[in-house]
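Asker: Sharing a model prediction with you, sequence too.
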Amino acid sequence: MSNATFVHPAKFYISGFSDIPHVKYLYVFLCFVYIMTVLGNGLLLSVIYLDKTLHTPKYMIVFNLALTDLCGSTALIPKLLDTFLFDNRYIAYEACLSYMFFVWLFTFVQSWTLVIMAYDRFIAICFPLRYHSIVTKPAIAAMLLCSWFFLLSLIACLAGLLDRLSFCGSLVIQSFFCDHGPIYRLACNDNSLNFIMAKVGITLIMCIPPVLIAFTYICIGKALSRIASREEQLKALKTCTSHLILVTVFFLPLLGTNIAVQISSLDPNVRIFNSTLTHTIPALLNPIIYSLKTEEVLNSIKKLCKRNSRGAPGGGVRS
């Protein structure tokens, strides 16, 4: 293999949807989604950064999720709009691999950030007296950094293995971006290793995280069943509701689309449409569902607004 010659194309062609009328309305909608995603996650990142009362382990995780949401949407949507709204469907080989790398990196990190959030809720409810000694800033920082490093290495491996494929036939990628599966299936040499790594990636993003999250909530359910007061049970459960909604919004469409592809011949347009929404909508909803409506964040926003109004010209108290 060290002496093998690999045939790399100058460009790929991203097919996207085929024969769908008024599809440009979808791209206009995605433009709106991106603007709101940037505003929502940008506001949340700014509030957490500026208000020192939010410099806690819990909001370190929230900050990481908002950052990956913002970066993931920025990696995907602007290029997607350029590709289809302005009909620039040809993309250079190296740019295509970079495109795939960043989109999947941030998707993988989102998945595992939800697992770390579940861990935070698990310790808070199952070991409340030890929460502050277990869930510390160094511990959460180590978990987040390890997930970034491991997932970065995995995606780099996926992209690197694509570079060892030869493309001597069709160069049309049957997706809405430079997706890993549609790319390696175009190869005309042995792609079995890429197939194995694709299964490893699917396992790490769509199988292990939901199982771990489900396990934590089974433990949480058992812990809540031991609480005598119904009111205390509801109060504890309320702290998990937002996280459960995030998990459902992220994993359910992802799992549904991939299961449907495996068990039936899903129409390519349906698959692409579902995948597009799966990659874009969670990043829009995450800050709204989990953070921007919570009392802590709302109080921080009010505090920062008051501080800015006092510091503004003419905002001081006159004698």
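Answerer: Structure's in. What do you need?
Asker: Which residue ranges of the protein form helices?
Answerer: Remark: helices assigned in the chain by DSSP state H are 24-50, 57-84, 93-126, 131-134, 137-162, 180-184, 192-202, 208-225, 230-263, 268-286, 295-311.
Asker: What residues sit buried inside the fifth one?
Answerer: Read it as helix 137-162. Across helix 137-162, burial judged by 16 or more other Cβ atoms under 10 Å covers 140, 143-144, 147-148, 151, 154-155, 158-159, 161-162. Where you see a C-beta, it was placed from the backbone N, CA and C, and this is true even at glycine.
Asker: next one: the shortest one
Answerer: Burial within helix 131-134, assessed by neighbour count using 16+ other Cβ under 10 Å, is assigned to residue 131.
Asker: got it, and the second one?
Answerer: Applying a neighbour-count criterion of 16+ other Cβ under 10 Å, one finds 57-77, 79-81, 83-84 buried in helix 57-84.
Asker: wait, what's in contact with the closest residue to residue 275 other than its chain neighbours?
Answerer: Once flanking residues are discounted, residue 275 sits nearest to residue 257: 6.0 Å by Cβ to Cβ, 6 or more residues apart in numbering. Applying Cβ atoms under 8 Å, 6 or more residues apart in numbering to residue 257 gives the contacts 266, 271, 274-275, 278.
Asker: what sits up against stretch 8-24?
Answerer: Stretch 8-24 is contacted by residues 83-85, 89-93, 96, 163, 166-167, 171-178, 183, 268-269, 272-273 when judged by Cβ under 8 Å, 6+ apart.
Asker: Quick one: distance of it to the chain centre.
Answerer: Relative to the centre of its chain, stretch 8-24 is centred 24 Å away, using Cα atoms, centre = their mean, to the nearest Å.
Asker: what about that stretch, start to end distance?
Answerer: Stretch 8-24 has an end-to-end distance of 32 Å (criterion: Cα to Cα, to the nearest Å).
Asker: Equivalent analysis for stretch 169-180, please.
Answerer: In stretch 169-180, first residue to last residue: 17 Å (Cα to Cα).
Asker: Buried ones in it, by neighbour count?
Answerer: Of the residues in stretch 169-180, 171, 173-180 count as buried by neighbour count, 16+ other Cβ under 10 Å.
Asker: what does stretch 223-241 give?
Answerer: So stretch 223-241, judged by 16+ other Cβ under 10 Å, has buried residues 223-224, 236, 240.
Asker: And the contacts of it?
Answerer: For stretch 223-241, the external contacting residues (Cβ under 8 Å, 6+ apart) are 121, 124-126, 217, 220.
Asker: Any chance of those in TSV with distance to residue 284 as columns?
Answerer: Formatted as TSV, the contacts of stretch 223-241 follow (distance: Cβ to Cβ, whole Å):
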residue	distance to residue 284
121	23
124	27
125	28
126	32
217	24
220	27
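Asker: Among those, which one sits closest to residue 53?
Answerer: Ranked by distance to residue 53 (Cβ to Cβ), these are led by residue 124 at 17.7 Å.
Asker: hang on, that closest one packs against residue 130?
Answerer: No: the pair residue 124 / residue 130 is not scored as a contact, 10.1 Å apart, by Cβ atoms under 8 Å.
Asker: and the residue nearest to residue 70 when sequence neighbours are not counted, what does it touch?
Answerer: In space, and not counting its chain neighbours, residue 70 is closest to residue 41: 4.2 Å by Cβ to Cβ, 6+ apart. Residues in contact with residue 41 (Cβ under 8 Å, 6+ apart) are 66-67, 69-70, 73, 283, 286-287.
Asker: how much space is there between residue 233 and residue 224?
Answerer: 5 Å (Cβ to Cβ, to the nearest Å).
Asker: ugh, wrong one, I meant residue 141
Answerer: Residue 141 sits at a distance of 29 Å from residue 224 (criterion: Cβ to Cβ).
Asker: Please apply the same query to residue 157.
Answerer: Per Cβ to Cβ, residue 157 is found 41 Å from residue 224.
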